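Peer 1: please work out how this folds:
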Amino acid sequence: MKDYIEERAIEIANYIIEEKATVRQTAKKYGVSKSTVHKDVTERLLQINPSLAARARIVLDVNKSERHIRGGMATREKYLHQHIGAEQATG
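Peer 2: Below is the predicted model:
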């Protein structure tokens, strides 16, 4: 494995742990795809640093279990803003 890939995998895992970041947030921060983030943490990092991989996996599992809640909140916000905008337009 190339050195820069190993370094990226470690850096990504540390970011996820420190920020409790989602795969999507991490991918955006590092300019890579969600698939790359997932592969770095779940496959590549296991070979490089298994304990770091396990800690990052815990955060990802928590995020995965909560994603339906975040999605519902985002939808709620979207409709609240649409409703407020409609009231202001007619008000």
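
Peer 1: Leu45 contacts Glu7, correct?
Peer 2: No. The pair Leu45 / Glu7 is not scored as a contact, 11.2 Å apart, by CB atoms under 8 Å. Using the backbone N, CA and C atoms, a C-beta is placed for each residue, glycine as well.

Peer 1: which one of the two is surrounded by more residues?
Peer 2: Between Leu45 and Glu7, Leu45 has the larger neighbour count (other CB atoms under 10 Å), namely 24 against 11.

Peer 1: which pLDDT does the model give that one?
Peer 2: Leu45 carries a pLDDT value of 96.

Peer 1: not counting sequence-adjacent ones, nearest residue to it?
Peer 2: In this structure, Leu45 finds its nearest non-sequential neighbour in Ala53, 4.0 Å apart by CB to CB, 6 or more residues apart in numbering.

Peer 1: I'd assumed Leu46 was in contact with the one you found.
Peer 2: Yes. Using CB under 8 Å, Ala53 is in contact with Leu46, at 4.8 Å.

Peer 1: and these two? Which one has more around it.
Peer 2: A direct count of neighbours by other CB under 10 Å for Ala53 and Leu46 places Ala53 higher, at 20 against 14.

Peer 1: where does the more buried one land in three-state SS?
Peer 2: With DSSP: H, G, I helix; E, B strand; the rest coil as the basis, the three-state label of Ala53 is helix.

Peer 1: now do the same end-to-end measure for stretch 32-41.
Peer 2: Distance across stretch 32-41, first residue to last, is 13 Å (CA to CA, to the nearest Å).

Peer 1: not counting that stretch itself, show me its contacts.
Peer 2: Residues outside stretch 32-41 that contact it (CB atoms under 8 Å, 6 or more residues apart in numbering): 5, 8-9, 12-13, 16, 23-24, 26-27, 30, 53, 56-57, 60.

Peer 1: noted, bye for now.
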